[in-house]
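**Student:** the sequence isn't on hand, but the structure is:
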């Protein structure tokens, strides 16, 4: 195929299709997978938005482009994208690049089907059933229901969307480690009832986003039981800890929940997105709530058991296949491989904390119990000045400056945020299974280097 | 790497990672892309659920598996999955396999990022902006807002989810072609107002799911204008017709809508899922409605324009990158290539209809104006029996039997459904850009063959 030839359509030319896809896959392997996970390469190549628009030439035009141009575009897209699989990407709750999960995602994309009926997704309907069964078993339930679902990071947002109104959400006090105080929960339920409100749901968290805190589920479940309330556990981040015999005690009591949300795309690196909503209920609640019996899709006179058409359990209609990437990775790793990965993340987070304590410029927000390590970097000019009246204000300005420097150099990415009364601090998420102690050392050295003049 | 070796982790071994991914990609090319789109192969290989469970060995175990086993699993997953890119898959509104869109999906998966901030998705934030601008321009708007979104197939379901209640939804009459009757819309608004209700939204459809009907948007927009109502156009299926100079008149008036939903994963075959919600509004309505200013993600003291952090426009937090697949395909095809594809689908649908008229056993539900061809197959025993009292009841039982036969043979897949007062009829969706007249002829011949004894 001539490089300069425009390709209005490859349809009907399997040789050209294969040549294109093999060429693109070669670019993916070289640029995204090899360079994208190599510490000798940048984690990102920062460009100002206007410059990036020019570099990418985003405009969609009337004329199509040649294969050579398309391959150049693929290279540019990868080059200027952030490498979330890179060992120096600590910025989000997801990171790392699991090759089996990626293989599952590529197969999923090549098959391009929707999860709604057994008819067009026979493998994935059965596979999702098995994956959800496995997740439920880890929670401690021998039966129940579930579906891959959306994740909402805010109960307030969900309440607003559902028409309940944000005023219907009561925020229960947390202790200084970010854990819900069960006594305050009980107090607030009493207050709400006294005001004539009808509490119906308590949402506890296993692994909060910033601090990585685990709520005391046994005590919360006791309160819910006394008041007849539905207990939902948002274990989006912390759920994967259930795989670790050493650390799963952090979620003790989760088997008493009515529902659990768990995102294997976070700590398990299954790939965005992979979210499960698990229910202890066995009365087909999801279908009773969300079913609308669209006759063109869920015909009742099919020649197989229509209970396998799970599409009517969800709010949307079409739904991507999100189970294969997790299933394939799990088959390759086994429970044991995934457990090692979780345990290793805890070990490395602990290593990072201990190394911080040996250095002058690092102040922990708290001793972490999970793999979120939250700390302030105190630059030389602020050390020993804790008593000065503008200390906290000046300290809060450090993280944004360091973030800008690290991104513009492309050396690493760490998120920062204010939280409650605390000014901006860094949150390192130790989740990528390719991380080593050397990466932790690099992180500390790099912060010192970037902040030495502050 | 020895075939029998267990692979607890490939992390830190880039050679093994590359070998695995290249091997899997080879399987994908051979099984899903080449065989999966070849008419010499089956569109599906039917297995009863219990047998399929055994064949797939779905159980997730404690021990991981070898690379050889994992490759066998990949082959099995593809083998027993439905080939939605196959020229004999007419079952859903999506079909076909666009190699550029698939290339975009593979790159998206390898980069595995979330669309919420410029920080971690610089390329995709800018790219989505350009793609949405292009879609708005096709609607006829020079400014506005938008986001890739979820698609809901049911306004009722949406109303229930939002807490409005299904009783708040009034169903406006459609004519015998499935098009909304504007006079009835006006009448129902008047009735609702007389009852003290406050109508606020009219949802019209451009391309209904079953019949492919286009509502008369100009007349509906007139009604909305008179009553001050928000006009939403569900152009999930029909929106892509805007690319065709020949056929875009079907959506005349769409530029007067307040919001438009459009799924390029359907007629344009961008890959599941690719859904756009377009707004004429320029007052940042989405962010005002859905923003929750999570401080750990949308820090306001960032070093770049935080208006580029579009994640606060949507209800969920993390959001997959859905723009690259569409953008890359559009770059490769140009408007012109996509227009040819749309026009070709209309031509083939018309060919199919004319061929049906030449044969005895096919009765059209109506003359199609889009690429949904709806018809009954009348088997030999029912021909000329239209006057018999049980004709319709017997005819309604034909489609399920033929569907079972075609799926079990794996020769093709066509959806059927009852609709309103009409009994089960087939709906062929002519959308795959690889289709030819020969595929249309095959479809008719195959129905005759499968139904000859009925």
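**Tutor:** Great, that's in hand. Please read these numbers as outputs of a predicted model, since none were measured by experiment. Numbers count the residues shown, from 1 in each chain, chains lettered A, B, ... in the order given.
**Student:** after the helix or strand containing residue A:418 comes which helix or strand?
**Tutor:** Per DSSP states H and E, residue A:418 falls inside strand A:413-419. Using DSSP H and E, the helix or strand that follows strand A:413-419 in sequence is strand A:422-429.
**Student:** what mean pLDDT does the strand holding residue A:418 get?
**Tutor:** Per-region confidence: strand A:413-419 scores 93 on mean pLDDT.
**Student:** one more: stretch A:39-46?
**Tutor:** Confidence for stretch A:39-46, expressed as mean pLDDT, is 94.
**Student:** list the buried ones in that stretch?
**Tutor:** Neighbour counts over stretch A:39-46 (16 or more other Cβ atoms under 10 Å in any protein chain shown) mark A:39, A:42-46 as buried. Any C-beta I mention is one placed from the backbone N, CA and C, and that applies to glycine too.
**Student:** ok, how many other residues are close to residue A:191?
**Tutor:** By the other Cβ atoms under 10 Å in any protein chain shown criterion, the neighbourhood of residue A:191 contains 12 residues.
**Student:** and it, what's its pLDDT?
**Tutor:** Predicted confidence (pLDDT) for residue A:191: 94.
**Student:** ok, now residue A:290?
**Tutor:** At residue A:290, pLDDT is 62.
**Student:** cool, and the one 3 residues further on?
**Tutor:** The predicted local confidence for residue A:293 comes out at a pLDDT of 66.
**Student:** quick one on the thing from earlier: neighbouring strands for the strand holding residue A:418, and are they parallel or not?
**Tutor:** Strand A:413-419 sits in its sheet next to strand A:89-90 (parallel), strand A:422-429 (antiparallel), going by DSSP bridges.
**Student:** related to what we said a few turns ago, contacts with chain B among the buried residues of stretch A:39-46, please.
**Tutor:** For chain B, the contacts drawn from the buried residues of stretch A:39-46 by Cβ under 8 Å from any Cβ of the partner chain are A:44, A:46.
**Student:** can you tell me which of the buried residues of stretch A:39-46 is nearest residue A:251?
**Tutor:** Within the buried residues of stretch A:39-46, the smallest distance to residue A:251 is 31.5 Å, found for residue A:43 (Cβ to Cβ).
**Student:** the closest one contacts residue A:89, doesn't it?
**Tutor:** Yes - between residue A:43 and residue A:89 there is a contact under Cβ atoms under 8 Å: 5.2 Å.
**Student:** residue A:75 falls within a helix, correct?
**Tutor:** Yes - the assignment for residue A:75 by DSSP: H, G, I helix; E, B strand; the rest coil puts it in a helix.
**Student:** find the nearest non-adjacent residue to it, please.
**Tutor:** Among residues not flanking residue A:75 along the chain, residue A:27 sits closest, at 5.7 Å (Cβ to Cβ, 6 or more residues apart in numbering or on different chains).
**Student:** for the one you found, what are its contacts?
**Tutor:** Applying Cβ atoms under 8 Å, 6 or more residues apart in numbering or on different chains, we find residue A:27 in contact with A:71, A:74-75, A:78, B:107.
**Student:** and the residue most central in space within chain A, what does it touch?
**Tutor:** Residue closest to the mean C-alpha point of chain A, counted by Cα atoms, centre = their mean, is residue A:266 at 3.4 Å. Residues near residue A:266 by Cβ under 8 Å, 6+ apart: A:93-94, A:236-237, A:240, A:431.
**Student:** so which helix or strand takes in it?
**Tutor:** Assigned by DSSP H and E, residue A:266 belongs to neither a helix nor a strand.
**Student:** and for it, nearest residue in space, chain neighbours not counted?
**Tutor:** residue A:93 (4.5 Å).
**Student:** and for residue A:367?
**Tutor:** Closest to residue A:367 by Cβ to Cβ, 6+ apart is residue A:353, at 7.1 Å.
**Student:** now the helix or strand hosting the one you found against strand A:422-429, angle please.
**Tutor:** Using DSSP H and E, residue A:353 sits within helix A:324-357. With axes from the mean of the first three to the mean of the last three Cα atoms, to 10 degrees applied, the angle from helix A:324-357 to strand A:422-429 works out at 120 degrees.
**Student:** quick one: buried residues of the following helix or strand past helix A:324-357?
**Tutor:** Going down the chain from helix A:324-357, the next helix or strand is strand A:362-364, by DSSP H and E. Of the residues in strand A:362-364, A:362-363 count as buried by neighbour count, 16+ other Cβ under 10 Å.
**Student:** burial measure for the nearest residue to residue A:240 once chain neighbours are set aside, as a count.
**Tutor:** Leaving out its chain neighbours, the residue that sits closest to residue A:240 by Cβ to Cβ, 6+ apart is residue A:267, at 3.9 Å. By the criterion of other Cβ under 10 Å, residue A:267 has 30 neighbours.
**Student:** and the gap between residue A:267 and chain B?
**Tutor:** Residue A:267 is 14 Å from chain B, where distance means Cβ to the nearest Cβ, to the nearest Å.
**Student:** that residue contacts residue A:339, doesn't it?
**Tutor:** No - contact criterion Cβ under 8 Å: residue A:267 and residue A:339 do not qualify, at 11.8 Å.
**Student:** wait, does stretch A:318-332 make contact with chain B?
**Tutor:** Yes - using Cβ under 8 Å from any Cβ, we find that stretch A:318-332 touches chain B at A:318, A:320, A:324, A:327-328, A:330-332.
**Student:** can you list the residues that contact stretch A:140-149?
**Tutor:** Contacts of stretch A:140-149 (Cβ under 8 Å, 6+ apart): A:115, A:128, A:132, A:135-136, A:254-255, A:261, A:274-282, A:284-286, A:310, A:313-314, A:319, A:322-323.
**Student:** 6 Å instead?
**Tutor:** Outside stretch A:140-149, the residues that touch it by Cβ atoms under 6 Å, 6 or more residues apart in numbering or on different chains are A:132, A:136, A:255, A:275-282, A:286, A:313-314, A:322.
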